[in-house]
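*Asks:* Attaching a predicted model along with its sequence, questions to come.
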Amino acid sequence: MAKTRRNSSKRKIKRKKRVKKKTKKIKKKKQFVVGIVSVPLSPNKKYFKVCGDSYIASSHLSWMKSQGIVPLIIPYNTKNINYYFKRIHGLYLPSGGAFAGTQKTFYNCCKKLMLKAMKENDKGVYFPVWGCCMGFQQMLILADGNDDVDNFLQRFDSYNNLLLPIKFTEEGNHSRFVRGIDTKTYKKLKNTKSTMNNHKLGITPYKMKKNKKVHAFYKIVGTSKDRKGREFVAIIEGRHYPFWGVQWHPERNHEMDALIKFFSKMLKRSKRKVYDKNYYKKYKTMPTKKIDCMNYSDNLYKKCSFFWHEKTSAHNKNLCNIAQLNKKENKDGSNGGV
């Protein structure tokens with residue numbers, strides 16, 4: 001009898017252990033939050049103020065979300081950079097309207113965030129940055145050190161969805177970028193017209209190498225040629241910082257998802273502690289509307305998320321609905337990349 005009691009008690013203990021294992025809480029995957037700077041609207045467009053104060057092409061947001069990255073919208077004219085910077089693991093400088101290329105407020109916001117990103121890395125806290133098209137251009141202007149948003153960049157004929165291959169440099173072939181993407185994507189970039197370009201401004205490899213500050217800060221990973229055969233820098237990588245920039249639009253091509261996977265891997269190296277309880281508070285209270293923005297972007301973006309930095313009346317949102325029905329507007333003749 002004593003033996004059977006002992007055996008039954010042992011069985012009970014084993015059952016309890018099994019139940020404990022089953023009820024053990026599954027650890028939630030750490031969510032990585034990336035700050036993305038909103039782009040100012042052009043005052044020459046009818047959407048200005050009617051559809052908000054700034055916008056971001058939805059392709060950037062969906063591209064990040066596809067890898068589980070949480071985008072935190074940073075209004076380009078915020079006076080509280082620290083509020084947002086405390087809540088992010090990395091930074092994304094997006095493409096946008098040509099007007100923003102010479103918008104000092106937008107540039108200054110990018111500059112402050114980039115300087116903070118550099119300080120974090122200098123302290124040994126891994127903090128990656130990704131720049132796309134106009135964001136790529138802001139990174140170069142900042143590295144130059146003269147804040148010359150009007151004259152630093154050069155003109156190129158590479159607008160209107162120009163598809164081009166990438167010529168990887170010798171230095172680029174040994175870069176973290178090339179090592180971080182799969183062979184299939186590398187070959188596609190190198191051998192096919194797979195990069196979608198929509199920029200009127202950029203920089204030649206010659207000018208970049210001649211500029212000691214910029215060349216010391218970034219290595220040229222790859223280049224492309226515009227319609228007139230003029231070579232421009234297409235991919236850059238920070239020499240001493242985890243910073244990457246592309247002059248083209250991988251977020252608009254699903255075959256280029258290897259690039260956001262690469263950035264996601266870099267984010268996962270971050271052990272930065274962020275305020276995770278209320279980091280979305282400001283974003284949630286900032287009125288937003290996802291609309292068809294083919295008119296606004298001259299047929300470049302299907303959808304955009306527009307943001308009001310302050311609460312607005314429903315009347316404005318109704319006007320925004322009407323604005324979307326208008327015919328395509330005339331180009332305002334401004335410069336930059338989208």
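*Replies:* That came through, no problem. Predicted, not measured: the structure shown is a model, and the values here were computed from it.
*Asks:* elements contacting the top strand by length along the chain?
*Replies:* In terms of residue count, the longest strand belonging to the chain (DSSP state E) is strand 154-164. Packing contacts for strand 154-164, counted by 3 or more C-beta pairs under 8 Å, 6 or more residues apart in numbering; DSSP states H and E, involve strand 195-202, strand 218-225, strand 231-238. Placement of C-beta: from N, CA and C, glycine included.
*Asks:* tell me what whatever helix or strand comes next after the last one is packed against?
*Replies:* Beyond strand 231-238 in the direction of the C-terminus, DSSP states H and E gives the next helix or strand as strand 243-246. For strand 243-246, the elements it packs on are strand 129-132, helix 134-144, strand 231-238, judged by 3+ C-beta pairs under 8 Å, 6+ apart.
*Asks:* ranking these by burial, who's on top?
*Replies:* Ranked by mean neighbour count, these are led by strand 129-132 with a mean of 27 (mean count of other C-beta atoms under 10 Å).
*Asks:* Surely residue 238 and residue 218 touch.
*Replies:* Yes: counting by C-beta atoms under 8 Å, residue 218 is a contact partner of residue 238 at 6.0 Å.
*Asks:* which one of the helices and strands packed on strand 154-164 lies closest to residue 30?
*Replies:* Closest of those to residue 30 is strand 231-238, at 24.1 Å (criterion: C-beta to C-beta).
*Asks:* Report the contact partners of residue 246.
*Replies:* By C-beta atoms under 8 Å, 6 or more residues apart in numbering, the contact list for residue 246 reads 131-133, 136, 195, 234-235, 259.
*Asks:* With pLDDT and distance to residue 187 as added columns, please give these in a markdown table.
*Replies:* Shown next, in a markdown table, are the contacts of residue 246 (pLDDT from 0 to 100; distance: C-beta to C-beta, whole Å):
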| residue | pLDDT | distance to residue 187 |
| --- | --- | --- |
| 131 | 97 | 24 |
| 132 | 97 | 22 |
| 133 | 95 | 23 |
| 136 | 97 | 23 |
| 195 | 97 | 13 |
| 234 | 98 | 16 |
| 235 | 98 | 15 |
| 259 | 97 | 14 |
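*Asks:* Confirm residue 318 sits in a helix?
*Replies:* Yes: using DSSP: H, G, I helix; E, B strand; the rest coil, the assignment for residue 318 is a helix.
*Asks:* what about it, distance to residue 50?
*Replies:* Per C-beta to C-beta, to the nearest Å, residue 318 is found 10 Å from residue 50.
*Asks:* Kindly report the same for residue 124.
*Replies:* 46 Å.
*Asks:* same thing with residue 294?
*Replies:* 16 Å.
*Asks:* So for these two, which residue has more residues nearby?
*Replies:* residue 50 (19 against 15; other C-beta atoms under 10 Å).
*Asks:* and which of the contacts of residue 246 is nearest residue 165?
*Replies:* residue 195 (7.2 Å).
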